[in-house]
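**Q** no FASTA, just this:
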């Protein structure tokens, strides 16, 4: 009987520890999320609008091709693109991330 009781205590302790860690994580997220950051920040009246895109894996920054003295037209030329029609757009996107999933293996590789 003592062995069964000891195992039950150990299992209950392990379950309580896991639930305690999950609850602590949730409480830390609620507390951390309620602390304001950059409270005094206000958007400027003028400036260059940039955008940040993400699909959860890849992130990109989208900027105008020409703005505030910066000209990206030489970096992103239409003839360098797979589909040159995209060269007619007035914004350019710079992204990073993995092109392929790290979980897929390429043929011939182990």
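**A** Cool, the structure landed. What you see is a predicted model; the values in this text were computed from it and never measured.
**Q** all helices for this structure, in order.
**A** 2-34 (DSSP state H).
**Q** what about it, any weak spots by pLDDT?
**A** Residue ranges of the chain with pLDDT under 70: 1, 97-110.
**Q** so for the protein, the centremost residue is which one?
**A** residue 56 (5.3 Å; C-alpha atoms, centre = their mean).
**Q** next one: phi and psi at that one?
**A** Dihedral angles of residue 56 (phi, psi; degrees, to the nearest 10) stand at phi 100, psi -20.
**Q** would you mind measuring from it to residue 33?
**A** 19 Å (C-beta to C-beta, to the nearest Å). C-beta coordinates here come from the backbone N, C-alpha and C atoms, glycine included.
**Q** skip the chain neighbours and tell me the closest residue to residue 87.
**A** Leaving aside its chain neighbours, residue 87 sits nearest to residue 78 (2.4 Å; criterion: C-beta to C-beta, 6 or more residues apart in numbering).
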